[in-house]
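Enquirer: Quick one, structure for this:
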Amino acid sequence: MRRALALLATTLSLSACGQPAPVPEAASNWAFAIGKNSVEMAWLVDPTAPANPPLRLVCARGGGFRVSVTAFKPIGSEERLTIGAGDEAFALVAIAAENEHGALVRATGPVEAGLMAMIESGKPIAASYGAQSFGPVDAPPQAMRRAFADSCRKLDGEAAV
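Expert: Modelled structure (predicted):
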């Protein structure tokens, strides 16, 4: 598992933002990486193959909150992706995108207090896009959720300066 997390940290888009920091406690299929300008959590179907996670949550300085779901097939008429945990749900603006592995759906929105509270809640996370759904998947471990949310808030605050 540690090898997969280390590999993920080097392959994620954060490489351009600086050296990855140590990974907080790991559990099940979640991986974490942090750089100078962004933080990321990814849910891996197979921890030994971290290159193309089906669900990735990212916060970047000046970029707000972003969700990428490779499990979704882009739909030309669909412009909303919803991410949620428990009874909380947040709609984000979705676009079709591609990476080196093929088509995916990417959605963006602001770093909202309620969204960060939802991520920190520890409830299973799910996403929906049109008639497609992904999850729910177990929440990341507490230390990982807290590090992600705290980093998102910090990066969002620094972007506003």
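Enquirer: my guess is Ile83 meets Pro124, correct?
Expert: No - at 11.7 Å, Ile83 does not count as touching Pro124 under the criterion of Cβ atoms under 8 Å. In short, each C-beta sits where N, CA and C put it, glycine included.
Enquirer: More neighbours: which of these two?
Expert: When Ile83 and Pro124 are compared for neighbours, Ile83 comes out ahead with 26 against 13, by other Cβ atoms under 10 Å.
Enquirer: ok, what's across the strand from that one?
Expert: Phe90, Ala127 (DSSP bridges).
Enquirer: quick one: low-confidence ranges for the protein?
Expert: Across the chain, the ranges flagged by pLDDT under 70 are 1-28, 47-50, 159-161.
Enquirer: Tell me the spatial nearest neighbour of Asp156, not counting adjacent residues.
Expert: Nearest residue to Asp156 in three dimensions, chain neighbours excluded: Val111, at 3.9 Å (Cβ to Cβ, 6 or more residues apart in numbering).
Enquirer: Need the three-state assignment for that neighbour.
Expert: Three-state call for Val111 (DSSP: H, G, I helix; E, B strand; the rest coil): coil.
Enquirer: ok, it - contacts?
Expert: 59, 64-65, 152-153, 155-156 (Cβ atoms under 8 Å, 6 or more residues apart in numbering).
Enquirer: Can you add neighbour count and distance to Ser38 and give the residues you listed back as JSON lines?
Expert: JSON lines is the format used below for those (neighbours: other Cβ atoms under 10 Å; distance: Cβ to Cβ, whole Å):
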{"residue": "Cys59", "neighbour count": "27", "distance to Ser38": "6"}
{"residue": "Gly64", "neighbour count": "18", "distance to Ser38": "11"}
{"residue": "Phe65", "neighbour count": "23", "distance to Ser38": "11"}
{"residue": "Cys152", "neighbour count": "23", "distance to Ser38": "9"}
{"residue": "Arg153", "neighbour count": "14", "distance to Ser38": "13"}
{"residue": "Leu155", "neighbour count": "22", "distance to Ser38": "7"}
{"residue": "Asp156", "neighbour count": "20", "distance to Ser38": "11"}
